[in-house]
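Novice: starting from these lines, generate the structure:
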Amino acid sequence: MPQPLYIYVHGFNSSPASYKAQQLQRWMEAQGQGERLRVPALSHWPRHAMATLRALVESDDRPTVLLGSSLGGYYATWLTEHYDHLKAVLINPSVRPFELLDRWLGENENIYTEERYLLTRDHLRQLQALHCPVLAASRYLLLVQTADEVLDYREATARFAASEQHIEEGGSHGFDQFERSWARIFRFAQDPDLAQAIERELTIDE
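Specialist: Take a look at the predicted model:
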């Protein structure tokens, strides 16, 4: 079985420079596996973001695991339901962003790129068009932390009730100590070599 490709899907007002994305990218490169991780920059327009992701997914037929954080988890869900070679790890995912982001309408600034833009009702309509039922429950791993200050983790656990779940007490929306979940992620991806590599490192750190 070929080694899986990983695609990190960042969240709202985020970028490839996000802490979790950079942390994982540095570690993968240190393992000599940097080629197996993609971290695309996504437009604030959902339609354009999905076009970027679909082109990336369609460019490689290897088994692929999406790592979707927050809004990225919502995008990852749509993709997983539409492409058979995908699995998804959802990290504190947003499940109904077209409702949540209503409070953010107006001028916004990406905290990493400093791009300023207007979030509009059209953004929300584009997000709502991506809402879909979860049918391929076995192809999801849900990771949530109960002290997420942005999202109610129970919405995600209910939506992905039939999927594998890992619920951590405390934490934050940024998902504290993300590296502690990597072995679980790699095993879900059927990537035992990387799972064992991070387990060895964490054991040494302890």
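Novice: next, count neighbours for residue 132.
Specialist: Using other Cβ atoms under 10 Å, residue 132 has 12 other residues around it. Where you see a C-beta, it was placed from the backbone N, CA and C, and this is true even at glycine.
Novice: show me the contacts for it.
Specialist: Residues near residue 132 by Cβ atoms under 8 Å, 6 or more residues apart in numbering: 77, 78, 81.
Novice: can you pull out the helices in this protein?
Specialist: Ranges of helices within the chain are 19-30, 46-58, 71-82, 97-100, 121-128, 153-159, 182-188, 192-205, based on DSSP state H.
Novice: can you redo those as JSON lines with mean pLDDT?
Specialist: Converted to JSON lines, these look like this (pLDDT from 0 to 100):
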{"stretch": "helix 19-30", "mean pLDDT": "97"}
{"stretch": "helix 46-58", "mean pLDDT": "98"}
{"stretch": "helix 71-82", "mean pLDDT": "98"}
{"stretch": "helix 97-100", "mean pLDDT": "96"}
{"stretch": "helix 121-128", "mean pLDDT": "98"}
{"stretch": "helix 153-159", "mean pLDDT": "97"}
{"stretch": "helix 182-188", "mean pLDDT": "97"}
{"stretch": "helix 192-205", "mean pLDDT": "90"}
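Novice: I'd like those as TSV, with mean neighbour count and distance to residue 143 appended.
Specialist: Formatted as TSV, those follow (neighbours: other Cβ atoms under 10 Å; distance: least, Cβ to Cβ, whole Å):
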stretch	mean neighbour count	distance to residue 143
helix 19-30	16	11
helix 46-58	16	20
helix 71-82	24	9
helix 97-100	19	18
helix 121-128	16	22
helix 153-159	16	9
helix 182-188	20	8
helix 192-205	13	15
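Novice: what's the closest of the ones you listed to residue 5?
Specialist: helix 46-58 (9.3 Å; Cβ to Cβ).
Novice: any idea which of the contacts of residue 132 is closest to residue 166?
Specialist: Proximity of these to residue 166, judged by Cβ to Cβ, is greatest for residue 77, which lies at 17.0 Å.
Novice: how close does that closest one get to residue 103?
Specialist: 22 Å (Cβ to Cβ, to the nearest Å).
Novice: identify whichever of the helices of the chain lies nearest to residue 12.
Specialist: Of the helices of the chain, nearest to residue 12 by Cβ to Cβ is helix 71-82, at 4.3 Å.
Novice: what's the closest one packed up against?
Specialist: Helix 71-82 sits against strand 5-9, helix 46-58, strand 64-69, strand 86-91, with contacts defined as 3 or more Cβ pairs under 8 Å, 6 or more residues apart in numbering; DSSP states H and E.
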